[in-house]
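Colleague: model this:
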Amino acid sequence: MKSETRDDLDRLFHRLCTDFGEASGKTIIRTIIEELGGLRLSFPDMREMSREARDMRVRARFRGNYRGGGM
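Modeller: Residues are numbered from 1 along each chain as shown. As a prediction, the model looks like this:
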């Protein structure tokens, strides 16, 4: 495992323990590892998450017709 990845995991573990308590932090990490251990994952950043939420709101509110192409 690359050291930067290990550092990221350590930072996540400490944050979970701080935010949710040590026992809960350990349980969350253990659950993630049990369910996803061995997988290579990529998480979106907060900007991308905001964009996806915005796009979902726009699609949910859209009531018109859309035809692609020129006029």
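Colleague: Where do the helices of this structure begin and end?
Modeller: Under the criterion DSSP state H, the chain contains helices at 3-20, 22-36, 46-61.
Colleague: export the ones you listed to JSON lines and tack on mean neighbour count and mean pLDDT?
Modeller: (C-beta placed from N, C-alpha, C; glycine too.) Below are the helices of the chain laid out as JSON lines (neighbours: other C-beta atoms under 10 Å; pLDDT from 0 to 100):
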{"stretch": "helix 3-20", "mean neighbour count": "12", "mean pLDDT": "87"}
{"stretch": "helix 22-36", "mean neighbour count": "12", "mean pLDDT": "92"}
{"stretch": "helix 46-61", "mean neighbour count": "10", "mean pLDDT": "84"}
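Colleague: for the residue nearest to the spatial centre of the chain, what are its contacts?
Modeller: By C-alpha atoms, centre = their mean, the chain has its centre lying nearest to residue 43, at 4.6 Å. With contacts defined as C-beta atoms under 8 Å, 6 or more residues apart in numbering, residue 43 has no neighbours.
Colleague: cool, residue 62 as well?
Modeller: Going by C-beta under 8 Å, 6+ apart, residue 62 touches no other residue.
Colleague: show me the contacts for residue 9.
Modeller: By C-beta under 8 Å, 6+ apart, residue 9 lies in contact with nothing.
Colleague: Residue 34 versus that one, what's the distance?
Modeller: Per C-beta to C-beta, to the nearest Å, residue 9 is found 15 Å from residue 34.
Colleague: try residue 20
Modeller: Distance, residue 20 to residue 34, by C-beta to C-beta: 17 Å.
Colleague: Likewise for residue 12?
Modeller: Look at residue 12 and residue 34: by C-beta to C-beta, they are 16 Å apart.
Colleague: about what we covered before: now the residue nearest to the centre of the chain: how far from residue 21?
Modeller: In this view, residue 43 and residue 21 are 23 Å apart by C-beta to C-beta.
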